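J.: Below: sequence and its predicted model.
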Amino acid sequence: MSRDLTPGTLTRRGKLRVYLGSAPGVGKTYRMLDEARRRQERGADVVVGYIECHGRRHTENMLAGLDIVPRLTRTYRDTEFQEMDLEGVLARRPTVVLVDELAHTNIPGGRNAKRWQDIDELLDAGIDVITTVNIQHLESLNDVVQKITGIPQRETVPDEVVRRADQIELVDMAPQALRRRMAHGNVYKAEKVDAALSNYFRVGNLTALRELALLWVAGRVDEGLRDYRASHNIDRVWETRERVVVALTGGPEGETLIRRAARIADRTAGGELLAVHVTKSDGLAGASPGALAQQRQLVETLGGSYHVVVGDDIPTALLAFARGRDATQLVLGTSRRGRITRLLTGPGIGETTVDASEDIDVHMVTHEFTGRGRLPSLGRRHSRNRTIAGYVAGLVVPSLLTAVLSQFHTQVNLTTDALIFQLGVVAVALLGGAVSALLASLVASLLLNYFFIPPTHTFTIGETNNVIALLVFAMVALTVSTVVDHATRLTSRAARATAEAETLSTLAGSVLRGADAVPALLEKSRTAFAMATVALLDRSSGEVLARSDADAEGTSGEAVTEIAVGADAVMILTGRRLPAADQRVLTAFAAHVAAALERDRLASVAAEVEPIKAADRMRTALLAAVSHDLRTPLAAALASIGSLRSPDVEFSPEDEAELLTMADESLVKLTRLVDNLLDMSRLQAGALTLHLVPTHLEEVLPRALDSLSDPDAPVQPLGLDSAPPVLADPPLLERVLANVITNALRHNAPGAPVLVAASSLPQPPAGGTPLNRVEIRVIDRGPGIAPEDRDRVFLPFQRLGDTDNTTGVGLGLALSRGLAEAMGGTLEVEDTPGGGTTMLLTLPAAGTGEPTP
C-alpha cells in the first residue's frame, strides 16, 4: 500500500519513534525490527531503509519477510561505503521505514551530511520513521560520555532532534547482562570480545551510561507531564517526583537551610533540589550579593539548581515558583524578626506562605539567628501598600487608644493619656512615615480634646493650661514623628550604602578572579538590579559580546536601560525602569565591566604573543641541541671520508669498509636528525600537510624497520595482518613507528625482543562497522617509566634517564605524539605487565567514524 505524495498534495508530517539505548548490544535494532513485524502483521507497508546487523544472527533473522530498499554504494578515497538510498525510499512511498543509527555521518556526495537530516526529509514526506540511537551520541552529553569512557564521540545528533520524536522508548539492560551477551558472542566477534570487555564495556562505564540514559528519558517524561498539566489547566501538584524548593534571603541562615533541604531531597531516589531567591522589582536586590553567591555555589556543589524570581509579594512568588516546578516540599527559615517586631508588623513571610501553601508541604527550619533581628535591606523605602497602611493606622490607632483609655479614665490622668497618644503617633510614623504621623497627631489631638480634656464630649476647652498642653502635644507629636521618619530614612540610606559597598566589593573580587569575569559581572548586574536580561554589545557592529547566564522568571515590563562601557561597548539592561538612585550604582557596574573587558583584551594579546615566545624558546633549544648533535655525526662522516681520500695512508679493504660503514651510519643519523627537526618545526608552525588514506600495518612496519640504524634489531610483530587498515598518512606513520621502536630498543632488556602488536577495539558508532579504533602497542621489557614522568617523555629535548648525549636531541617521542595527534590519533604510555613500558598508539580505523575531508 502507498500514499499519494505527488507535488502539491498536502500530506501530514510523518511520526518519529526512537529506540534509545545506553550502549551497543542492548537490543535497539532487534526491538525496532520486532515493532516493524508487528506493524506489518496489522497491514502497514513497512520497508527497511537501512539496518546494521553487525553480524548478529538473531538480528539478521528478524529481517526475514521485510521488504528491503537496496543500499547505495559510494566511493570515498578509494574505499567503498554503503549508505541508505534516500531517493529510493521516497520513490517507494511506504507507510513506515526503518532507519538504523540516527547519528550516522553520511559519506560526502549525498543530499545531506547527516542521517538525521535524511530522516527529516522522510518525515516531511509523510512517512513514519522508526530509528535507533545510543545515549553517548546526544550532543549535550558528548563531553560527559568522554569523561566517563575516555573516548571522544565523533558522531553526534542534536538533542532537539530526539526530543521532537513522537515516541521515545528506552531499551534498557543491566551491565552484567550486557557483558554476558558480549562474552557469549552475541554482540561482537570472539576476537573483539576481550578488548571490548576490558575497555569501553567495563561495568563502571556501562552503569554510568545507563544512568545517563535513564535520567535523560526521565527528563523528557517530566517535560511531557508538565505540558499535559499546562494544556489541561491542572494547578495541583502531582507528586510524581520529590522536588524540594529552599527559599534563600541571603541571610546567615542560608547554608543551614540548603543543607537541610538537600538531606530531605536525598531521602528519595531522584529527589531534586531547587534554591530560589525572590528579589523585589522596586530597587536593587535586598540581600548581600556575596552571601548569595556563596549560597549558590553550595547549592550547585550539592547537585541542586539556583533560580532568581522577581516579585513584590514574596510568599506569592515563592509558591508560584514551587507550583511551576511541581515542587512537593518548600523549606523556609524561621523569622529573624524579634517578638515585638512581629507583634507590630503582623504575620511574616513564613506564616503567610504556610497559610497559602495548600498541597505543598512547608518546613519551617529553626536556626541560630531566629529572633535576632533582620538585616537591613538594600534601598528600603515605603511601598505603596505600606503608605496606605500608614494612613489607615493614622485613623485607627488613635481611635483604638481612645476606646481603651476611656475604660481607665478614672485611674489615669491627662498627662498619661497624652503620652500614650504620643507613643501611638510614633508607631504610626514608623509604619507609614511623616504624612501618616501628621494625620495621626491631628486625629489624636481632636480625640484627646473631645474625650479627656474637661469639659469632655465637647471641643470647648475650659482652662488655659489645657489649651497650652494640647498645643504642645500636637507640636511634640509632629516633631517626634518627623524626626522618626527622618531617622528611618537615614537608616535606610545607610543600609543601602552598605549594601552597595558590599556589592561593589564583590564585583571587584570578580574582576580580579579571572577568566570568566564579564559574564559573571553581567549576571550579578541582572540579579542585583532585578532585571530580565543584561547583554554587552559592541557599539559599532551591534554584535553581542556577552550576556547574563540566565533570565529572571516572573519579570514584567520591557523597559530598556543603556549605559556606556568604555569607548567601544554598551551594556543593555531589559526589564523594569531603573530609578535615578540605581543609575549611580549601575555606572560603577559598567566601570567594572569595562575593566574586565580590558583585562580580557590584554590576556588575548598575551595569548597571541605566547606562541611567538614558545617558538623563540624552541629555536633557542634547537640551536643549543644541534650545536652538539649535528656536529657529532657530521664530524664522524667527514673524518671517515677524509681518511679515505688521504694519499698518505693506504687502507686495507677491511679498513675501507669499516670507514665507509661509519660514514654511512653517521650520515643516516644526520638525515634522521634533520628530518625530525624539520617535522617538529612544521608541527609547531601548523604547516604539516597530511594525506590520510587506508593504510595496512603489515605494509608499513617493514619499511619502518628498514629505516632503523640496525635493520636486524629484535622486533617481533603480533597480529598486524588481522588488524583492519587505519586511516593514516603512510610516510608519517612509518616515522612514528620507527621513532617509538627505536626508543623501545634503546631501553629494552638485553636479549628480549620488542613486540609490536595490533588489535581493533569496538567503539559504539553511529554508523558503519563497530571497529572504530585500532590500537598499536610497542612493548619493551626495560626499566619502565614512573607515572609522574610519563608526560615529560613527550616534551621536546627530553632524554629521560639518559646520560649519553650522543643518542639524539630527544625529539623522537615528542615528534611521534605530534604526528599521531595530527592524524587523529593518540600516543600514550602504559605499564607492561611483568615490567617494562608499552607505548600505545591509537589511530582511527579506515572506513569508520566521520570521514576526514
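T.: Sure thing, it's come through. Residues are numbered from 1 along each chain as shown.
J.: in the stretch 51-200 of the chain, which ranges drop under the pLDDT threshold?
T.: Under the criterion of pLDDT under 70, the regions of the stretch 51-200 of the chain flagged as low confidence span 190-195, 198.
J.: cutoff 80 now
T.: Residues of the stretch 51-200 of the chain meeting the criterion pLDDT under 80: 55, 76-78, 109, 143, 150-153, 182-186, 188-200.
J.: ok, which stretches of it are strands?
T.: In the stretch 51-200 of the chain, the strands defined using DSSP state E, counting those that start in this stretch lie at 67-68, 72-76, 79-83, 96-99, 128-134, 167-171.
J.: now swap in the stretch 201-350 of the chain and tell me
T.: 243-248, 272-279, 305-310, 329-333.
J.: which stretch in those strands has the least confidence?
T.: For these, the weakest mean pLDDT is recorded on strand 305-310, namely a mean of 82.
J.: Buried ones in that strand, by neighbour count?
T.: Judged by neighbour count (16 or more other CB atoms under 10 Å), strand 305-310 contains these buried residues: 306, 307, 308, 309, 310. Any C-beta I mention is one placed from the backbone N, CA and C, and that applies to glycine too.
J.: is the third one in a bridge, and if so with what?
T.: With DSSP bridges as the criterion, the beta-bridge partners of residue 308 are residue 277.
J.: Next, find the distance separating it from residue 146.
T.: Shown here: residue 308 relative to residue 146, a distance of 32 Å by CB to CB, to the nearest Å.
J.: Same check on the second one?
T.: Computed as CB to CB, the residue 307 to residue 146 distance reads 29 Å.
J.: For whatever helix or strand residue 660 lives in, what does the pLDDT average out to?
T.: Applying DSSP states H and E as the criterion places residue 660 in helix 653-685. Taken as a whole, helix 653-685 carries a mean pLDDT of 72.
J.: change the start of the numbering to 842 and stick with it
T.: Understood, numbering begins at 842; the last thing we discussed is helix 1494-1526.
J.: ok, residues contacting the following helix or strand past that helix?
T.: Scanning the chain past helix 1494-1526 towards its C-terminal end, the next helix or strand to appear is strand 1534-1536 (assignment: DSSP H and E). Contact with strand 1534-1536 is made by 918, 919, 920, 1566, 1567, 1568, 1569, 1570, 1571, 1574, 1687, 1688, as judged by CB atoms under 8 Å, 6 or more residues apart in numbering.
J.: Any chance of a ChimeraX selection covering the buried ones in those residues?
T.: For the buried members of these, the matching ChimeraX selection, counting by 16+ other CB under 10 Å, is:
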select :918,1566,1567,1568,1569,1570,1571,1574,1687,1688
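J.: would CSV of the contacts of strand 1534-1536 with distance to residue 1261 be doable?
T.: Below are the contacts of strand 1534-1536 laid out as CSV (distance: CB to CB, whole Å):
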residue, distance to residue 1261
918, 99
919, 103
920, 100
1566, 100
1567, 96
1568, 94
1569, 97
1570, 98
1571, 103
1574, 99
1687, 97
1688, 96
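J.: Tell me the one of the contacts of strand 1534-1536 nearest residue 1239?
T.: Proximity of the contacts of strand 1534-1536 to residue 1239, judged by CB to CB, is greatest for residue 1568, which lies at 91.7 Å.
J.: neighbours of residue 1254, just the number please.
T.: By the measure other CB atoms under 10 Å, the count of residues near residue 1254 is 10.
J.: again with residue 1485
T.: Neighbours of residue 1485 under the rule other CB under 10 Å: 14.
J.: ok, so what distance separates it from residue 1475?
T.: The gap separating residue 1485 from residue 1475 is 16 Å, by CB to CB.
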